[in-house]
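> Here is my input; please provide its structure:
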Amino acid sequence: MNRIFLIMLIIGIPLSVIGGMLHFPTILMFVIYCLTIIALASFMGRATESLTLVVGPRIGGLLNATFGNAVELIISIFSLKAGLIGVVLASLTGSVIGNLLLVGGLSFFIGGLKFKVQKFNVFDARHNSGLLMFAVIVAFVIPEMFSRNLTEAKTMTLSAGIAIILILLYIAALLFKLVTHRGVYHTKESEENIETEEPEWSKGKAILILALATLVVAYISEKLVHTFETVGEQMGWTELFIGVIIVAIVGNAAEHASAVLMAFKDKMDVAVEIAVGSTLQVAMFVAPILVLISLFYSQSMPLVFTIPEIVAMVTAVLLNIVISNDGESNWFEGATLVAAYLIMGLGFYLL
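The predicted structure follows:
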């Protein structure tokens, strides 16, 4: 599989440059850009996996989520610049439901096919549940409800205020998990698994690959954004569907691959940290940062989602909490999460 991604990369990067210069058909370039970003994401996933073996599951999961979300953040910034506010909000929705239902579901399902029952840190699961409830249900629902009785300027002020609060709480959450309460909620199994495996790449090489891949992703993402409008018209896709499904899947490809791989190796602490940690980072850091960045563009982005987007995110959060709060998973629970994602995907496609 790694060889296939390497071939995709060797072919995809030159084609991305040449195709843009020679004005290849937009649909063709859209496919090339997406496949190249997915190939780059696989290398980012392998690099973060190597770092995980060095620094441990919590920091490793955080690194994976951060660099996985870096792809989406870059795509979203260029989308904001192009005035595609709907695509950005939809991609944030897609990240939340994609990470909780698709990434989490595939991790539980693939891991569950190999192991009958897989266990992960129940204390982390419960801690993350509270943050998910706050970040998605409180911070995303309130702007939508209050905006109905507020002017556009006041709605933007409310969004900016909520964005700052979310970022501060996210930093506090990192301090709680990695500093003040590090090792308090502890599982020996995950450390034993980490210690017995050698990293594929050294720490320095992994960091270098992550940095280079992120730079190339930034270049290709800018090109990708300019294809959205034409592709939407030709394929009959709405901005909502492009954002929720296409951008979210392409932007989170690194997490998808890494989380499933970790689950297959029975490293569920890392897999869950990637899926849920990435969701929290999107809701509490990426979305607020995009709101604040949009203040510098001609068109600001309030933190106001459509009703279908909010319903989808709240449902994904509640379903994930119910299934994962016991600290155990199996293939059927994974299938349930994936089924929920497919139902939502079908709804957004038809909307």
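
> how close does Leu92 sit to Phe140?
According to C-beta to C-beta, to the nearest Å, Leu92 stands 9 Å off from Phe140. Any C-beta I mention is one placed from the backbone N, CA and C, and that applies to glycine too.

> Spit out the residues that contact these two alike.
Shared contacts of Leu92 and Phe140, defined by C-beta atoms under 8 Å, 6 or more residues apart in numbering, comprise Ala283, Phe305.

> All the helices of the stretch 1-150 of the chain, in order from the start?
Secondary structure of the stretch 1-150 of the chain (DSSP state H, counting those that start in this stretch): helices at 2-22, 26-55, 57-81, 85-97, 104-114, 122-132, 139-147.

> okay, these, which one's buried deepest?
Mean neighbour count (mean count of other C-beta atoms under 10 Å) peaks for helix 85-97 among these, with a mean of 27.

> what's next to stretch 134-141, contact-wise?
For stretch 134-141, using C-beta under 8 Å, 6+ apart, the contacting residues are 96, 162, 165-166, 169, 279-280, 283-284, 303, 305, 310, 313-314, 317.

> Identify, from those, the entry nearest to Phe43.
Of all those, Thr279 has the smallest distance to Phe43: 22.9 Å, by C-beta to C-beta.

> Check the gap between the residue nearest to that closest one when sequence neighbours are not counted and Thr155 for me.
Distance criterion C-beta to C-beta, 6 or more residues apart in numbering; nearest residue to Thr279, sequence neighbours excluded, is Asn99 at 4.4 Å. Relative to Thr155, Asn99 is positioned 27 Å away (C-beta to C-beta).

> More neighbours: those two, which one.
Counted by other C-beta atoms under 10 Å, Asn99 and Thr155 do not tie: Asn99 has more neighbours, with 30 against 20.

> Just confirm the more buried one contacts Val276, I think it does.
Yes - here Asn99 reaches Val276: they are 7.3 Å apart, a contact under C-beta atoms under 8 Å.

> any low-confidence regions in the stretch 101-250 of the chain?
Within the stretch 101-250 of the chain, the ranges that satisfy pLDDT under 70 run 183-197.

> What segments of it are strands?
Using DSSP state E, counting those that start in this stretch, the strands found in the stretch 101-250 of the chain span residues 118-119.

> residues near Thr157, how many?
Residues lying near Thr157 (other C-beta under 10 Å) number 13.

> The one 10 residues further on too?
The burial metric for Ile167, expressed as a neighbour count using other C-beta under 10 Å, is 17.

> Give me the nearest residue to it, chain neighbours excluded.
Pro288 (5.0 Å).

> I'd like to check the angle between whichever strand or helix holds that neighbour and helix 57-81, please.
In the assignment (DSSP states H and E), Pro288 maps to helix 287-294. For helix 287-294 against helix 57-81, the angle between stretch directions is 30 degrees (axes from the mean of the first three to the mean of the last three C-alpha atoms, to 10 degrees).

> Among the contacts of stretch 134-141, which one has the most neighbours?
Among the contacts of stretch 134-141, the one with the most neighbours (other C-beta under 10 Å) is Thr279, at 32 neighbours.

> what sits against that residue?
So Thr279 contacts Ser95, Val96, Asn99, Leu100, Leu132, Val136 (C-beta under 8 Å, 6+ apart).

> Out of these, flag the one nearest to Leu292.
Checking these against Leu292 by C-beta to C-beta gives Ser95 as the nearest, at 17.8 Å.

> Tell me how far that closest one lies from Arg126.
As judged by C-beta to C-beta, Ser95 and Arg126 stand 22 Å apart.

> and what of Val136?
For Val136, the distance to Arg126 (C-beta to C-beta) stands at 16 Å.

> now do Ala70
In terms of C-beta to C-beta, Ala70 sits 28 Å off from Arg126.

> Count the residues that sit near Leu350.
Residue neighbour count, defined by other C-beta under 10 Å, stands at 8 for Leu350.
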